[in-house]
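Fold the following and give me the result.
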Amino acid sequence: MLLRRFLIFEQEHERIVALRRLEKYHPLCSICMNVAPYTNCFGFWPDVKRPMQCGSCGHERSQHRSERKKEELNVWTFDVIMQQEKKVTKVMEEAGVEMAKDVGELENNEGKMSESKKSKK
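Residues are numbered from 1 along each chain as shown. The predicted model follows:
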């Protein structure tokens, strides 16, 4: 019983970490989220030939502002989030870009980037 609770807690933690990572770097398309089947875009990633357009749905980067809310458990289940992250990771690897693996790593990299911008001024 205790092991089962731990596994559920661990899976939920992994879902939230992946959700935050996808939200930060690969927001959903506002246009695609309003059109059935609602799965045309699994998150923004720059098209190789047109970097300001999404390689998934073709809409502009500025149109990608829909959120995956962690409270919407029935929509953003563990399986759905892992599937989206797997798709994004695959296309990013094919493009030669490495994704951050941990939310802490995301926050640390942001701090380093902002420090390097300050030092260049």
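
Next up, the contacts around residue 83.
Contacts for residue 83 (C-beta atoms under 8 Å, 6 or more residues apart in numbering) come out as residue 42. Bear in mind the C-beta positions are built from the backbone N, C-alpha and C, glycine included.

pretty sure it belongs to a strand, no?
No. Counting by DSSP: H, G, I helix; E, B strand; the rest coil, residue 83 is not found in a strand; it is helix.

in this structure, which spans are helices?
With DSSP state H as the criterion, the chain has helices at 2-25, 78-94, 103-120.

Which of the ones you listed has the lowest mean pLDDT?
Here the lowest mean pLDDT among the helices of the chain goes to helix 103-120, at a mean of 46.

Give me the nearest residue to residue 30, chain neighbours excluded.
Of all residues not flanking residue 30 in the chain, residue 66 sits nearest, at 4.8 Å (C-beta to C-beta, 6 or more residues apart in numbering).
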